[in-house]
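Student: kindly return the folded structure for what I paste below:
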Amino acid sequence: MIEDLTGKLLIAMPGIGDSRFSRSLVMVCAHEPDYAMGITLNKPIDDLTLPQLLTQLGIEQDIRVPDTAVLSGGPVGTDRGFVVHTDDFYSDGATMDIGDNCCLTATRDILVAIATGEAPRESMMALGYSGWGPGQLESEIAENAWLIGTVDPDLVYGTRHEDKWARALELIGIDASRLHFGGGTA
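Tutor: The predicted structure follows:
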């Protein structure tokens, strides 16, 4: 098994073979022998902002909630919400430490905290997640579908979603314009 990837970033390679992950940046939230789970950080859902989602859920907003996009966290459980946030918010039994000052909470209480001004310093909201069965993620990495990067707060919480993939590559020393999929001949 590959090292524990919890808290690492998966950077999709060109030609990943699944259009849902084209140019994706996924934060791994859990990596165990039996499964892996992550949240895509750079795929906004068209026409859905956090204030709109809070209104749809009937959560009264006592403050002006930032007009940030809700992200598509992945193709699994798209009716479930996940908030990746800084470690200054914790809900007993519901918040999972991801590492590097990042946590994941998937309960209504964090949305209420955001709507009432008790939010963590930084957060991002996603619907759905990316999931892998036993050995599936390791196999995809071995097949060069993903590169592994480290967490950078701007990649997690930043709002320039269209730039995150290339920026993640840049942070590991790769120029996105020179990256391509396909083998050569010797």
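
Student: so residue 23: helix, strand or coil?
Tutor: Assigned by DSSP: H, G, I helix; E, B strand; the rest coil, the conformation of residue 23 is coil.

Student: then residue 120?
Tutor: Classification of residue 120 using three-state DSSP returns coil.

Student: now do the host helix or strand of residue 38: distance to the chain's middle.
Tutor: Using DSSP states H and E, residue 38 sits in strand 36-40. Strand 36-40 has its C-alpha centroid displaced from the chain centroid by 6 Å (CA atoms, centre = their mean, to the nearest Å).

Student: who are the packing partners of that strand?
Tutor: Here strand 36-40 touches strand 25-31, strand 69-72, strand 123-132, going by 3 or more CB pairs under 8 Å, 6 or more residues apart in numbering; DSSP states H and E. Heads up, the C-betas are built off the backbone N, CA and C, glycines and all.

Student: pick the most deeply packed of the ones you listed.
Tutor: Comparing those by mean neighbour count (mean count of other CB atoms under 10 Å), strand 25-31 comes out on top with a mean of 23.

Student: show me what that strand is in contact with.
Tutor: Taking contacts as CB atoms under 8 Å, 6 or more residues apart in numbering, the residues outside strand 25-31 that touch it are 4-12, 36-42, 74, 82, 84, 96, 98, 102, 104, 129-130, 137, 146, 151, 155-156, 164-165, 168.

Student: one more pass at 6 Å, please.
Tutor: For strand 25-31, contacts defined as CB atoms under 6 Å, 6 or more residues apart in numbering pick out 4-6, 8-11, 37-42, 98, 104, 130, 164-165, 168.

Student: give me phi/psi at the nearest residue to residue 57 once chain neighbours are set aside?
Tutor: Ranked by CB to CB, 6 or more residues apart in numbering and with sequence neighbours excluded, the top spatial neighbour of residue 57 is residue 111, at 6.7 Å. The phi and psi torsions at residue 111 (degrees, to the nearest 10) take the values phi -70, psi -40.

Student: quick check: residue 111 touching residue 61?
Tutor: No. Contact between residue 111 and residue 61 fails when scored by CB atoms under 6 Å: they sit 10.0 Å apart.

Student: of the two, who's got more company?
Tutor: It is residue 111, of residue 111 and residue 61, that has more neighbours when counted by other CB atoms under 10 Å, with 21 against 15.

Student: so how far is residue 39 from the more buried one?
Tutor: 16 Å (CB to CB, to the nearest Å).

Student: only alpha carbons, please: show stretch 111-124 as PDB.
Tutor: Presented in PDB, the C-alpha positions along stretch 111-124 are these (Å, rounded to 0.1, in the frame of the first residue of the first chain):
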ATOM      1  CA  LEU A 111     -23.800  25.300   8.300                       C
ATOM      2  CA  VAL A 112     -25.700  26.900  11.200                       C
ATOM      3  CA  ALA A 113     -22.400  28.200  12.600                       C
ATOM      4  CA  ILE A 114     -21.500  29.700   9.200                       C
ATOM      5  CA  ALA A 115     -25.000  31.400   9.000                       C
ATOM      6  CA  THR A 116     -24.800  32.800  12.500                       C
ATOM      7  CA  GLY A 117     -21.200  34.200  12.500                       C
ATOM      8  CA  GLU A 118     -19.600  31.400  14.400                       C
ATOM      9  CA  ALA A 119     -17.900  30.000  11.300                       C
ATOM     10  CA  PRO A 120     -14.300  28.700  11.100                       C
ATOM     11  CA  ARG A 121     -11.800  31.200   9.800                       C
ATOM     12  CA  GLU A 122     -11.900  29.600   6.400                       C
ATOM     13  CA  SER A 123     -14.200  27.000   4.800                       C
ATOM     14  CA  MET A 124     -15.500  25.600   1.500                       C
END
